[in-house]
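1. sequence first, predicted model second:
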Amino acid sequence: MDTILSLRGLTKTYTSGLTALDNVHLDIRKGEIFALLGPNGAGKTTLIGAVCGLVRPTAGSVHAFGLDMAKDWRRARGRIGLVPQEIGTDMFDTVERQVAYSRGMFGCAPDKSRIEEVLRSLSLWDKRSSEVRTLSGGMKRRVMIAKALSHDPDLLFLDEPTAGVDVELRRDMWRQIDTLREQGVTIILTTHYIEEAEEMADRVGVIDKGRVLLVDGKEAIMGRLGRTEAHFTLAEPLTTLPTAIGEMPVTLENGGTWICYRGGDGSGQGKQEVADLARILVEEGIIFTAIEQKESSLEDIFVQLVKDGQGAGV
Ligand SMILES: Nc1ncnc2c1ncn2[C@@H]1O[C@H](COP(=O)(O)OP(=O)(O)OP(=O)(O)O)[C@@H](O)[C@H]1O
């Protein structure tokens, strides 16, 4: 698959001395939806800023559409749309004029029918003559999206698109993202909502303290880092585990009343071992009254990765 965006050794140290991006290497494929996950302050917005020309990198390079952003910024930027976290637009202007103005800013010829199309797709057409300041927060966010789409970008950044928006707008956004994907637009979104990444993204990148800890497809991440957890509640407490359990990742907990399994690799191996464990307990005459079993979610994996603070070797 073609690479649409390529970051090499991208580093940003702010004048305060804080390194917000630390030697980031990242390739984004044409047409994919890529979710950048990271806790507050991880460097997500800085990364977007560095690509969009809002943050000057300290070191490293950004190539978009094969163009070096340091040399060919204007040409490359014209093909990138950005929906920032903060709502920033002329609040006293009308919706339609602001969106048309954005299109002009990127050097595109005026196109009333295209602006109408964008406004309609975001349910903003009825509000086209309203001043932005009179709209609700959710509608203002839609205006920001309309502005970012006004010049038909090939690469779209959505920085926390659904933070603080209601369920209806979130669904609309998801639909919008789906439509853009069908049109072949590459989308990079940052989010705190891991279920959103799980639902929408083709690939996920985890960033923390300016370092990219992991980049992979969701399925591959689950396969490599997914874990199975199970615990058996015993009728009578045990003092030692039966030797037949062998090398399985099993511990005796809660005063000897739980046999806990934590292992597997997301490929089904964990489930198999839990079934084996159940069989061994029955064979050994150990009575259990309940089994609880859980496969780890992308969220569990994300939390663990960030807690460990290292993705190397995973
Ligand atoms: N202009 C700046 N000057 C100094 N430090 C900055 C500046 N902008 C961001 N930072 C710092 O850089 C780090 C990364 O910030 P950034 O906004 O990129 O993180 P983020 O992952 O987008 O966070 P959030 O999820 O909270 O939006 C943070 O520690 C932040 O305080």
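-> Noted; the coordinates are in hand.
2. from here on, contacts and neighbour counts on C-alpha atoms
-> Fine.
3. and the spatially most central residue of the chain, helix, strand or coil?
-> Of all residues in the chain, the one closest to the mean position by C-alpha atoms, centre = their mean is Ala35, 2.7 Å from it. Under the three-state scheme (DSSP: H, G, I helix; E, B strand; the rest coil), Ala35 adopts strand.
4. quick one: contacts for it?
-> Ile188, Leu189, Thr190, Thr191, Ala197, Ala201, Asp202, Arg203, Val204, Gly205 (C-alpha atoms under 8 Å, 6 or more residues apart in numbering).
5. now the residue in the stretch 51-200 of the chain that the ligand sits nearest to: closest residue in space that isn't a chain neighbour?
-> The ligand sits closest to His192 of the stretch 51-200 of the chain, with a gap of 7.2 Å, by C-alpha to the nearest ligand atom. In space, and not counting its chain neighbours, His192 is closest to Leu37: 6.5 Å by C-alpha to C-alpha, 6 or more residues apart in numbering.
6. before we move on, the earlier item: partner residues bridging the residue nearest to the centre of the chain?
-> Leu189, Val204 (DSSP bridges).
7. helix or strand next in line after whichever strand or helix holds Arg75, which one?
-> Using DSSP states H and E, Arg75 maps to helix 73-77. Next helix or strand after helix 73-77 toward the C-terminus (DSSP H and E): strand 80-83.
8. which residues are contacting the helix or strand just after that following strand?
-> Sequence-wise, the next helix or strand downstream of strand 80-83 (DSSP H and E) is helix 95-105. Contacts with helix 95-105, where a contact means C-alpha under 8 Å, 6+ apart, come from 89-90, 109-112, 115, 119, 127-132, 143, 146-148, 150-151.
9. what strand or helix carries the residue of the chain most remote from its centre?
-> For the chain, the largest distance from the centre (C-alpha atoms, centre = their mean) belongs to Gly285, which lies 47.1 Å off. Using DSSP H and E, Gly285 sits in no helix or strand.
10. number of residues surrounding the residue nearest to Gly38 when sequence neighbours are not counted?
-> Closest residue to Gly38 apart from its sequence neighbours, by C-alpha to C-alpha, 6+ apart: Ile207 at 5.0 Å. Per other C-alpha atoms under 10 Å, the neighbour tally for Ile207 reads 27.
11. which ones are touching Ile207?
-> Contacts of Ile207 (C-alpha under 8 Å, 6+ apart): Leu36, Leu37, Gly38, Pro39, Ala42, Gly43, Lys44, Leu213, Leu214.
12. elements contacting the one helix or strand the last one maps to?
-> Secondary-structure element containing Leu214, defined by DSSP H and E: strand 211-217. Contacting strand 211-217 under the criterion 3 or more C-alpha pairs under 8 Å, 6 or more residues apart in numbering; DSSP states H and E are the following elements: strand 19-29, strand 203-208.
13. how big is the angle separating the next helix or strand after that strand from strand 203-208?
-> Elements were assigned by DSSP H and E; along the chain past strand 211-217, the next helix or strand is helix 218-225. Angle, helix 218-225 to strand 203-208, by axes from the mean of the first three to the mean of the last three C-alpha atoms, to 10 degrees: 50 degrees.
14. contacts for the helix or strand just after helix 218-225, please.
-> Downstream of helix 218-225, the first helix or strand assigned by DSSP H and E is strand 228-234. Here strand 228-234 makes contact (C-alpha under 8 Å, 6+ apart) with 257-266, 270-271, 274, 286-296.
15. strands - which of these land there?
-> 258-263, 288-295 (DSSP state E).
16. mind saving the C-alpha coords of whatever helix or strand Arg171 lives in as CSV?
-> Using DSSP H and E, Arg171 maps to helix 167-182. Only the C-alpha atoms of helix 167-182 are listed here, as CSV (Å, rounded to 0.1, in the frame of the first residue of the first chain):
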residue,chain,number,x,y,z
VAL,A,167,-24.2,10.8,21.3
GLU,A,168,-26.0,12.0,18.2
LEU,A,169,-23.1,14.2,17.0
ARG,A,170,-20.7,11.3,17.7
ARG,A,171,-22.7,9.0,15.5
ASP,A,172,-22.9,11.7,12.8
MET,A,173,-19.1,12.0,13.0
TRP,A,174,-18.6,8.3,12.7
ARG,A,175,-20.9,8.3,9.6
GLN,A,176,-19.0,11.2,8.2
ILE,A,177,-15.7,9.5,8.8
ASP,A,178,-17.1,6.4,7.0
THR,A,179,-18.2,8.4,4.0
LEU,A,180,-14.7,10.0,3.8
ARG,A,181,-13.1,6.6,4.0
GLU,A,182,-15.2,5.5,1.1
